[in-house]
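K.L.:
sequence isn't available, so here's the structure alone:
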């Protein structure tokens with residue numbers, strides 16, 4: 001079994017990377033669409049993904065003292 005913090009950090013790294021990919025996706029779409037209301041919606045979606053990144057980072061920081069917990073390996 002891996003320590004909980006290590007397992008959590010591995011998974012949160014993946015989650016943060018996916019959120020960053022979503023931000024880039026919405027940025028690219030904004031450069032393609034022509035209607036301002038669509039650009040505004042995509043900007044909102046981008047900001048939402050950025051907030052997810054900050055939430056994940058905040059949770060990760062709060063997990064500093066969880067090293068003692070153990071979790072079983074999970075096949076992914």
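P.N.:
Nice, thanks for sending it over. What you see is a predicted model; the values in this text were computed from it and never measured.
K.L.:
residues in contact with residue 17?
P.N.:
By Cβ atoms under 8 Å, 6 or more residues apart in numbering, the contact set of residue 17 is empty. Heads up, the C-betas are built off the backbone N, CA and C, glycines and all.
K.L.:
per-residue confidence for it?
P.N.:
pLDDT recorded at residue 17 is 97.
K.L.:
where do the helices sit along this protein?
P.N.:
Taking DSSP state H as the criterion, the chain carries its helices at 4-32, 36-62.
K.L.:
turn the ones you listed into CSV, including distance to residue 75.
P.N.:
As requested, these are arranged in CSV below (distance: least, Cβ to Cβ, whole Å):
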stretch, distance to residue 75
helix 4-32, 13
helix 36-62, 23
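K.L.:
relative to residue 64, how far out is the spatially closest residue to residue 59 that is not a sequence neighbour?
P.N.:
Computed as Cβ to Cβ, 6 or more residues apart in numbering, the closest residue to residue 59 that is not its neighbour in sequence is residue 12, at 7.3 Å. Residue 12 sits 13 Å away from residue 64, going by Cβ to Cβ, to the nearest Å.
K.L.:
looking at these two, which is more packed in?
P.N.:
residue 12 (15 against 8; other Cβ atoms under 10 Å).
K.L.:
got the contact list for the more buried one?
P.N.:
Applying Cβ under 8 Å, 6+ apart, we find residue 12 in contact with 56, 59-60.
K.L.:
which of these are buried?
P.N.:
Burial by neighbour count, 16 or more other Cβ atoms under 10 Å: within those this picks out 56, 60.
K.L.:
any chance of the contacts of residue 12 in TSV, plus distance to residue 37?
P.N.:
As requested, those are exported to TSV (distance: Cβ to Cβ, whole Å):
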residue	distance to residue 37
56	29
59	33
60	35
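K.L.:
could you dump the contacts of residue 12 into a markdown table and include distance to residue 5 and pLDDT?
P.N.:
Below are these laid out as a markdown table (distance: Cβ to Cβ, whole Å; pLDDT from 0 to 100):
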| residue | distance to residue 5 | pLDDT |
| --- | --- | --- |
| 56 | 14 | 93 |
| 59 | 12 | 88 |
| 60 | 9 | 85 |
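K.L.:
closest to residue 31 among the contacts of residue 12?
P.N.:
Using Cβ to Cβ, residue 56 is the member of these that sits closest to residue 31, with 26.0 Å.
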